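Student: Sequence first, then the predicted structure:
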Amino acid sequence: MKFKLICLFLLLTGFLAGFAQEVDVTNVAKVTILNPGLSYETRVGRFQTVYGQAFMNLSASYSYSSNMGSNSEFYFDPAATLQYRYYYNGGKRMEMEKRTEMNSMNYVAVISEVIFSKMRLTNDYFDESGRRGITRFGVAWGLQRNYKSRFSLDLNLGLGYMVAKGTTYNYSGQLKTKTVTTPTMMGQFNIGFWLNRKKEE
């Protein structure tokens, strides 16, 4: 009886291992339309990738004052991001007969990002006369779907920390440039098209 149980266990283990090996990540090149740019994702391990993107970051700000009224601004700023991603639900998606090709799975990521912008950091600071680097780093949850039609959807959301130079008034009323560090939201919503060569059906 014990021998039969051991054989059954080994057969099931081998079957599940073979099933799991059918799902993994691959290299993906994309052009993005929302946040226009180019990205490349490369496999570095089982369900693990490094994702890099150079893009134009869309930023928006809104302020309201009872004296000055409301003010809204939009910016397109040069930016770049580097991310480590771990895809965690490939097996489950395959069991549900959902697409896993081209890294069409959910992930958790460690993100670093730099945006070259003139925009103010908070209401206590001013718009800058020249672009300076705003560095953000943090962790996020995300999902990516690369469809057979080449359409690509990639979004993530998380928490992070921001470091940048900002200009404000000091205690004597003079303009002063300071290093600003503050918690921040991390997030990106990308739509675009993947560029890899299609596999033969």
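Tutor: Thanks, I have it.

Student: only C-alpha atoms for contact and neighbour calcs from this point on.
Tutor: Noted.

Student: where exactly do the helices run in the chain?
Tutor: For the chain, applying DSSP state H gives helices covering 2-21, 90-95.

Student: does residue 182 have beta-bridge partners, and which?
Tutor: For residue 182, the beta-bridge partners are residue 162 (DSSP bridges).

Student: Verify the stated contact: it with residue 159.
Tutor: No. Applying CA atoms under 8 Å as the test, residue 182 and residue 159 come out as separate, 11.1 Å apart.

Student: Tell me which of these two has more neighbours.
Tutor: residue 159 (16 against 12; other CA atoms under 10 Å).

Student: ok, now which ones touch the more buried one?
Tutor: By CA atoms under 8 Å, 6 or more residues apart in numbering, residue 159 lies in contact with 138-140, 183-186.

Student: Can you tell me which of these is nearest residue 108?
Tutor: For the contacts of residue 159, the residue nearest residue 108 by CA to CA is residue 140; the value is 5.8 Å.

Student: For the closest one, which residues are in contact?
Tutor: 108-111, 156-159, 186-187.

Student: can you check residue 117 too?
Tutor: Residue 117 neighbours (CA under 8 Å, 6+ apart): 77-78, 130-134.

Student: Export those residues to TSV and append columns for distance to residue 96 and pLDDT.
Tutor: Listed next are these as TSV, based on distance: CA to CA, whole Å; pLDDT from 0 to 100:
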residue	distance to residue 96	pLDDT
77	40	91
78	40	95
130	51	76
131	48	85
132	47	83
133	44	87
134	41	90
